[in-house]
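Q: What shape does this take:
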Amino acid sequence: MKETVMRATIDPPRTVLANGAETMTATDAPELAGPPAVRPVILPLDGSALSERARPWAVAIARTRQAPVIMMGVVDAYQASSLGLAASAGVPLYNSMVPDALQEVTQYLETQVGACAAVAPDVHTQGLLKIGDASREILKVASELDAQMVVLTTHGRGGVDRLIWGSVAEQVVRNGHVPVLLVRPWEHPVPELTSEHPGWRVLVPLDGTKLAETSLAEATRLAVGGELLLVRDVVSGHGDWSDDLTEPREATDMAKLYLDGVANRLREDGIRVRTLVLTRPVVTDAISEVVSTEAIDLIVLATHGRGAIGRLLHGSVSDALARHAPVPVLLIHQAPEVPAS
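A: All right, here's what the predicted structure looks like:
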């Protein structure tokens, strides 16, 4: 594809076009001709069919936002040069790199761009090749292009000479500040948006903090034409209203009052919202059940909630949802907590 740009940034840095020709050095070359006018959606791929399962979601979200999709491949320089042995011998990594590795990824990305253009001609797609550590390069590109979102599958191709995609996804979530949509490769197809189903149904777990509510901005964008379902847990100990000093009925009433307050603010902006208080002992099981019974399409949550341990959106709960939820999970990485008002 003529517009596909493949960029290599290892010693010596060069820009590699789709036809394999090299152009100016990276110090002189613009990054993808400058940031796109609309912030892109980044879709990292590792060459496996599993990683490609995220493509429909990346394309669908990009279409709703009229944003481009950057399909990104990363070649590990050390693995491509016999695990770095050439570097220890004083040979520049780029010159000692197995040529087939770059050519293989270049052709693969061209194929993926073409496949996307065939099914979604209204979505602008580019390929981007980087050389280096996968998670680091993904985060660097997301930052440089001010990406709206990174879309990843939770599993991909593993092995000594391939990306271990699960750990890459984990590092991107842990170390980045861009929203990351995690798609399990065996999930159902993306729900088609039609006149009868004009928007997605999005579930947002909240824990009573302003920090947790920062997930609402992305959630409302995804739910345009659809519906938000705000949920609050009062049984598992992940909140101020579920300790031993609070009666169960009182905790439920307080949780409902809180959710209704958030919902009313959103309704003032024309958002369709419902609320639900969760009372099952295990919050992740409760959320999974609601996803099934309410036909939820996506879950959106902040990756940190109130406190160090045992809060709804922190640690094991968010990790369990990301790994085992029956629908894709959009994680919003946040800085230290914002006190609740």
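Q: use CA for all of it now, contacts and neighbours both
A: Noted.
Q: what about Pro281, neighbour count?
A: 13 (other CA atoms under 10 Å).
Q: Does it belong to a helix, a strand or coil?
A: Here Pro281 takes the coil state, with states given by DSSP: H, G, I helix; E, B strand; the rest coil.
Q: Could you do Leu152 as well?
A: State at Leu152, reduced to three classes by three-state DSSP: strand.
Q: next one: Leu228
A: Each residue gets one of three states, and Leu228 gets strand by three-state DSSP.
Q: how much space between it and Ala255?
A: 17 Å (CA to CA, to the nearest Å).
Q: Point to the helix or strand of the protein where mean pLDDT is at its lowest.
A: Lowest by mean pLDDT, DSSP states H and E among the helices and strands of the chain is strand 22-25, with a mean of 34.
Q: Quick check: next helix or strand after that one?
A: Once the chain leaves strand 22-25, the next helix or strand it forms, by DSSP states H and E, is strand 41-44.
Q: Direction included, what does that following strand pair against?
A: strand 69-75 (parallel), strand 149-153 (parallel) (DSSP bridges).
Q: ok, residues contacting that strand?
A: With contacts defined as CA atoms under 8 Å, 6 or more residues apart in numbering, strand 41-44 is touched by 51, 54-55, 58, 62, 67-73, 138, 142, 147-152.
Q: now do 7 Å
A: 55, 58, 62, 67-73, 142, 147-152 (CA atoms under 7 Å, 6 or more residues apart in numbering).
Q: didn't Leu152 look like it was pressed against Pro185?
A: No. Using CA atoms under 7 Å, Leu152 is not in contact with Pro185; the gap is 9.4 Å.
Q: who has more neighbours, these two?
A: Neighbours were tallied for Leu152 and for Pro185 using other CA under 10 Å; the higher tally belongs to Leu152 (31 against 19).
Q: check which helix or strand covers the nearest residue to the more buried one once chain neighbours are set aside.
A: Leaving aside its chain neighbours, Leu152 sits nearest to Leu182 (5.2 Å; criterion: CA to CA, 6 or more residues apart in numbering). Under the criterion of DSSP H and E, Leu182 resides in strand 180-183.
Q: That strand: partners in the sheet, and parallel or antiparallel?
A: Applying DSSP bridges, strand 180-183 is found paired with strand 149-153 (parallel), strand 329-332 (antiparallel).
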